[in-house]
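J.: here is a sequence together with a model predicted from it:
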Protein chains: 2
Amino acid sequence: DLPAVSHTLTALIDWRPSNSPKLIDLLDDTVPGIGTYEDFNTIDWVREKSKDRDRHREITNKSKHSTVALLFSISDAFSGWLLMLLIGLMSGALAGGIDIAAHWMTDLKEGVCLNGFWFNHEHCCWASNETTFQERDKCPQWKTWAELMVGVSEQGSVNVLNHFMYVSWALLFAFLAVILVRAFAPYACGSGIPEIKTILSGFIIRGYLGKWTLIIKTITLVLAVSSGLSLGKEGPLVHVACCCANILCHFFTKYRRNEAKRREVLSAASAVGVSVAFGAPIGGVLFSLEEVSYYFPLKTLWRSFFAALVAAFTLRSINPFGNSRLVLFYVEFHTPWHLLELIPFVLLGIFGGLWGAFFIHANIAWCRLRKNTRLGHYPVIEVLVVTLLTALLAFPIEYTRMSSSELISELFNDCGLLDSSKLCDYSGNSGGTSGSVNATAANGLGARLAGPGLYTAMWQLALALVFKMLITVATFGIKVPSGLFIPSIAVGAIAGRLLGVGMEQLAVHNHERKIFRGWCSPGADCITPGLYAMVGAAACLGGVTRMTVSLVVIMFELTGGLEYIVPLMAATMTSKWVADALSRESIYEAHIRLNGYPFLEAKEEFRHKTLATDVMRPRQSDPPLSVLTQSGMSVEEVERLIADTTYSGFPVVISQQSQRLVGFVLRRDLVISLENARRHQEGVVSVSAVLFTECDPPASPSAPPAVKLHNILDLSPFTVTVHTPMEIVVDIFRKLGLRQCLVIQNGRLLGIITKKDILKHMAQMANRDPESILFN
Amino acid sequence: DLPAVSHTLTALIDWRPSNSPKLIDLLDDTVPGIGTYEDFNTIDWVREKSKDRDRHREITNKSKHSTVALLFSISDAFSGWLLMLLIGLMSGALAGGIDIAAHWMTDLKEGVCLNGFWFNHEHCCWASNETTFQERDKCPQWKTWAELMVGVSEQGSVNVLNHFMYVSWALLFAFLAVILVRAFAPYACGSGIPEIKTILSGFIIRGYLGKWTLIIKTITLVLAVSSGLSLGKEGPLVHVACCCANILCHFFTKYRRNEAKRREVLSAASAVGVSVAFGAPIGGVLFSLEEVSYYFPLKTLWRSFFAALVAAFTLRSINPFGNSRLVLFYVEFHTPWHLLELIPFVLLGIFGGLWGAFFIHANIAWCRLRKNTRLGHYPVIEVLVVTLLTALLAFPIEYTRMSSSELISELFNDCGLLDSSKLCDYSGNSGGTSGSVNATAANGLGARLAGPGLYTAMWQLALALVFKMLITVATFGIKVPSGLFIPSIAVGAIAGRLLGVGMEQLAVHNHERKIFRGWCSPGADCITPGLYAMVGAAACLGGVTRMTVSLVVIMFELTGGLEYIVPLMAATMTSKWVADALSRESIYEAHIRLNGYPFLEAKEEFRHKTLATDVMRPRQSDPPLSVLTQSGMSVEEVERLIADTTYSGFPVVISQQSQRLVGFVLRRDLVISLENARRHQEGVVSVSAVLFTECDPPASPSAPPAVKLHNILDLSPFTVTVHTPMEIVVDIFRKLGLRQCLVIQNGRLLGIITKKDILKHMAQMANRDPESILFN
């Protein structure tokens, strides 16, 4: 049997000299355009994968005949790994650049370094010799804007001037960001994750991952983050990594030509994005697997992991934060937690779930308002107003003035001996915000009693919490790049720290009580408020995104201690359950639905008891299904059918009477082929027959030559019976990545179900508007 | 539309009082036995999942009507989590027990503790006050067997006596193990992973995960490990965890009744097994995902993670090794590695790949020999001979005498200041195997020059390497529980340590050369030989099992340092490539094939260009397909068809002439229904009509009552056209978990393709014997 197959294969392939630039063109090049897709359409996974297998077969076959082809075959096999390496390097480098630039520009809002304007605050003072370790952030070389202006010395006007400069810079950055986005790359706004999820599920949005989007998103991301808006760079970094991947794909035929293969690379790229955003390669891979990917074969798992690691190491060698860590908020805890602490952790989980549900609801309502009212016509003004509000309100409170990353870093941190933060102002410390702990006096429990600075900090944090919660709702969705990981983490970290300090004081004040006995030993910490901040962060992020394993693994990679997984897990699970009980959708799914993208969610099962016959077109009242017959139709008839309908494909049957199915032909292929025949095939006129059969039927010698379209006919269309439950149909569509499926009964073709029909049906069953599904 | 659906649902479900023990019996209980499977058969995933969805729908529906049902519905929703908790607790506890017992019994081979025979060597000397830190393992309370026997004092005879006792105990343990396995649970032998992979893919092997297998496997695993055979407990622990899961499933209706749901639980259990074996919960989950699972939805990912964590914490609270770690060989490295070291790491990868390919080839050849010759008739003698050989040869060398876990722990370890091992006998140490480092004298590079003890150790390790490599081939597959993770790791660790010490001495001796400059600074380590051992271990394990991500993550969890991932990854990748180039199969797949299980590998793509028509039955020369007609057949005719054929199902068509497909009926369901009708339905005789239609055809009033079998007819069988490429058919079978698929052409039923047909076809295309596929 084998030689026969091999013979068929050889016959199928016309062997060209290997110096031809297009070595591989088995299917695609018969007529240009056949086998490609239009914008805003869904790909056919089965066809793409078949194409790739054909290609692979061809290469393997050729490699047996010549050395050049063998080398080509080997290089083809390793091109995937090379591509991953390049994506990792490029994304890691970009992420490092973004970090450094954002850090510098954030500080630029407050002042400038006299040693060189290109130093940020921290580097400026590192370079200075006059800094003591305890006052790391104060040095003569760093001047606030008010200090630079001669003549301003009164404290009040210094503050006002600094505030004015802060607001002005913020407005300038935000204005530049929104203008750049509008002028050059409208797709660069937002987080990008909902669109990437949709693209990975097989949708086509041309330009969404193009070079302009990459350039503009990178620049405007820096501007947006620096402007102090309540947004993060994590979601956009995933988008940036995917843009890199998409652009690099163009250098590899294997990936340029195949939409399914390219999506495997994009899945890996989204792992890379999270890897550089959080310094968590394993977490990134799991994020891609759990949250964004649609088709994730094991080969992709392995390659994603490789790419994520390369990116993490590239970023680390750039060392943007000067701490040889990948993120600002890496922590190490040392105190164990007590079993009873699970109660506050679960409370944080409930808070996170409530916040998630509230945020999604409020944000979607706000976005809907923007979409449906005149508000949406003034995106620049909206961005400026939000920036102005943020900058005006954020400046007075220390915790909102600093960048979100710094805030999170401070909240996660355990209070060390030399910590000068107000959050660490315990009465055991020798007073004031700049005191160092008197280590020998810290023997009693008094060391953990709150000092006045800590109380102030608590009030400020409570205000910051309310401010962050409200402003984030308005910020996510404006026309600048904006991720919501960091704002969500910030909200959760503030809430967690507040609860943590509260618990700590409770334990210290009541250390004689039975339940707190053994928690506080003299000279050691009672409770780690930083751990509470981390748990709160996980809970809030979990509530908004409904991530589970990947979230816990990311947090695990940030702390590096297996013993803190249980609190994180308890909070994340509670958060997910609470949020799911209030509304089923994550923020990304909600945005996908808001935009009407055709996304078939793999996580939620379809649980209604409808049958294929309830969903298929045509409905009972509709005219019968538009079909082509395998022979007997003229070019004109086919063209009229194409003109009269808008369907994206037509079933081909033996005859109108029997309705016995032969195959399926796509509209696009049909149009291109007919045009091609009219233009290049001699003698084709309107009355020429269109044949989908392989052999010619007997025709009179005087008839014009027939147009043979057997090559564009899909002879193995997917079929289900009318009695098939929709749950199985949905499963088939999801798992095989179909675009359409034909419905037959006892061998007769009765109707067709497309992905759009299924999505509409699902919307209907969930009491939503089926017309909200816009694309096919 | 919704009320109508809901009405239909209510009509479908007959509501029973909720105190009925069988609350859920929509489909299964019409006739007992319908919807179940026979032993050594493959399940139909689509049907099982439909059953579960029906069940879920019913519960949700009922919960709207009564509070009891609502509570039941909630408890049902959380029963999965409860089950995971129980599996984690039970597996963790069993793993802890196994560790403690194996540790004690391993030491029992050498001697006994006078303070109490239940102490192992280490605990015995801990309890003693007369031990110094440097001679931890020497204390008067621990007596070797020779010391106990009065009158033996000459060194030679002491050694001989100890050797004799060692061999005797080993033989006793091995004999007990093999006798217990043979007498009570033949399924308890081997690693169990190939069978679990097959079971997870939908195969049924009754009793493989039963309570007897659990009990006997747990006991004999301890015996087998203690006997000193070259085997590990990791694979068997996965089997033990799956047994726990399967047994616990019996307490939950949801999982007891549904083969697909139970397989989700088993997937989680295999994660638990690896989690307790290596103390790597994340690695365990990835192992389950990458290596053993077939259907792994996201919900299972999350639950696996939970169960793996619970198990890890249970094991840790048992603390079997007294080091608050989950495994004996947890390490922390501190010295960074140099880029040039990637060359030896890649060399280790090549070694690992070669070892993997050699091991698989040799082991399969040996197993085939056992299967096909008289060797297989004497399993007890085989075990005893292997044990005797192992014990006789292992005793003289220190590194083979100790248990494999201890050996690995010693090889992974970095040489600390107080290390008394021969492996740490550097000339900077004050001589001999029991010397402590002279910390002040260790200033020069001489501190890293090898001492005489190290040279001896190297020779012994080289001998141990050859011994382990050969004996492991003969050991894996004998009739006792045996895992091959630990032997593979041991082989790799020995090779790695050898290379590591070699590299170290090279660097120390040539520290003036350009390439080694900067590697060795005085007073610090040059190179970490322990890291080489770890990299070698990963490479060898990777070569044998072809694991990738999960392996790297397990090793990452053992070391806890992100910076050592790159060496591990380089070695694992090289090893996989080298091994794959030599043979495509992992050891598990090879064993699956050896046993002829029907396993459709998801990793390897089917790349041949055959069509459905080439694979379907009947072949051209065969008699036509055996079909039933939807009406017009009598009970006798159907019974004769059943008796004449052995097919496990029959298509139902409208008439023999048209061959238009109506549905598919399973042989088992048909047999049970006909028997049931003959026994319980009045007036059914041989000439009674068998009807698969819903409505009665006109029949003469005198005719005997018809047997209506509409309820067992599957109205939505999967169909493909004759032109469908086999690569797509294979994809459909894999992704949807089908058992069979009907082949049609232009609406006419032409044939059938079963899973077995596909496996046979694949075997044929790969030039293997298609008759090696034994089951369906």
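T.: Now that the structure is in, tell me what you want to look at.

J.: can you give me the helices for the stretch 401-550 of chain A?
T.: For the stretch 401-550 of chain A, applying DSSP state H, counting those that start in this stretch gives helices covering A:404-412, A:452-475, A:485-509, A:529-545, A:549-559.

J.: winner for burial among these?
T.: helix A:529-545 (a mean of 31; mean count of other C-beta atoms under 10 Å in any protein chain shown). No exception for glycine: its C-beta is placed from N, CA and C like everyone else's.

J.: A:Glu332: neighbour count?
T.: By the measure other C-beta atoms under 10 Å in any protein chain shown, the count of residues near A:Glu332 is 11.

J.: show the pLDDT at it.
T.: A:Glu332 is assigned 76 on the pLDDT scale.

J.: with distance to chain B added, can I get the helices of the stretch 401-550 of chain A in TSV?
T.: Shown next, in TSV, are the helices of the stretch 401-550 of chain A (distance: least, C-beta to the nearest C-beta, whole Å):
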stretch	distance to chain B
helix A:404-412	18
helix A:452-475	27
helix A:485-509	20
helix A:529-545	11
helix A:549-559	5
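
J.: columns mean pLDDT on top of those helices, output as CSV?
T.: Conversion of the helices of the stretch 401-550 of chain A to CSV gives the following (pLDDT from 0 to 100):
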stretch, mean pLDDT
helix A:404-412, 88
helix A:452-475, 91
helix A:485-509, 92
helix A:529-545, 94
helix A:549-559, 86
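
J.: lowest average confidence across helices and strands of chain A, where is it?
T.: The least trusted helix or strand in chain A, going by mean pLDDT, DSSP states H and E, turns out to be helix A:2-12, with a mean of 45.

J.: buried set for the next helix or strand after it?
T.: Under the assignment DSSP states H and E, the closest C-terminal helix or strand after helix A:2-12 is helix A:45-63. For helix A:45-63, the neighbour count (16 or more other C-beta atoms under 10 Å in any protein chain shown) marks A:45-63 as buried.

J.: A:Leu531 is in contact with A:Trp337, isn't it?
T.: Yes - A:Leu531 is within contact range of A:Trp337, at 6.6 Å (criterion: C-beta atoms under 8 Å).

J.: intersection of neighbour lists for those two?
T.: A:564, A:567 (C-beta atoms under 8 Å, 6 or more residues apart in numbering or on different chains).

J.: which phi and psi does the spatially most central residue of chain A have?
T.: Residue closest to the mean C-alpha point of chain A, counted by C-alpha atoms, centre = their mean, is A:Ile193 at 2.7 Å. Dihedral angles of A:Ile193 (phi, psi; degrees, to the nearest 10) stand at phi -70, psi -40.

J.: likewise for A:Gly284?
T.: Torsion angles, degrees, to the nearest 10, at A:Gly284: phi -60, psi -40.

J.: how many neighbouring residues does it have?
T.: Neighbour number of A:Gly284 under other C-beta under 10 Å is 33.

J.: Serialize the helices of the stretch 401-550 of chain A to TSV and add fields for distance to B:His123.
T.: Listed next are the helices of the stretch 401-550 of chain A as TSV, based on distance: least, C-beta to C-beta, whole Å:
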stretch	distance to B:His123
helix A:404-412	40
helix A:452-475	47
helix A:485-509	36
helix A:529-545	34
helix A:549-559	33
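
J.: out of the ones you listed, which is closest to A:Thr390?
T.: Closest approach to A:Thr390 among the helices of the stretch 401-550 of chain A (C-beta to C-beta): helix A:452-475, 5.6 Å.

J.: residues contacting A:His301?
T.: No His there; residue A:301 is Leu. Listed by C-beta under 8 Å, 6+ apart, the contact set of A:Leu301 reads A:285, A:289, B:289-290, B:549.

J.: mind checking how far whatever residue of chain A ends up closest to chain B is from A:Glu58?
T.: Chain B sits closest to A:Gly747 of chain A, with a gap of 3.0 Å, by C-beta to the nearest C-beta. Per C-beta to C-beta, to the nearest Å, A:Gly747 is found 36 Å from A:Glu58.

J.: convert stretch A:543-562 to PDB, retaining C-alpha atoms only.
T.: Only the C-alpha atoms of stretch A:543-562 are listed here, as PDB (Å, rounded to 0.1, in the frame of the first residue of the first chain):
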ATOM      1  CA  GLY A 543     -12.500  38.600  40.400                       C
ATOM      2  CA  VAL A 544     -12.000  40.800  37.300                       C
ATOM      3  CA  THR A 545     -10.300  38.200  35.000                       C
ATOM      4  CA  ARG A 546     -11.600  34.900  36.500                       C
ATOM      5  CA  MET A 547      -8.100  33.500  36.200                       C
ATOM      6  CA  THR A 548      -7.300  30.700  38.600                       C
ATOM      7  CA  VAL A 549      -4.300  28.500  38.200                       C
ATOM      8  CA  SER A 550      -2.300  31.000  36.200                       C
ATOM      9  CA  LEU A 551      -3.000  33.700  38.700                       C
ATOM     10  CA  VAL A 552      -1.800  31.500  41.600                       C
ATOM     11  CA  VAL A 553       1.300  30.500  39.700                       C
ATOM     12  CA  ILE A 554       2.100  34.100  38.800                       C
ATOM     13  CA  MET A 555       1.800  35.100  42.500                       C
ATOM     14  CA  PHE A 556       3.800  32.000  43.400                       C
ATOM     15  CA  GLU A 557       6.600  33.100  41.100                       C
ATOM     16  CA  LEU A 558       6.500  36.500  42.600                       C
ATOM     17  CA  THR A 559       6.900  35.200  46.100                       C
ATOM     18  CA  GLY A 560       8.800  32.000  45.500                       C
ATOM     19  CA  GLY A 561       7.400  30.200  48.600                       C
ATOM     20  CA  LEU A 562       5.100  27.200  48.200                       C
END
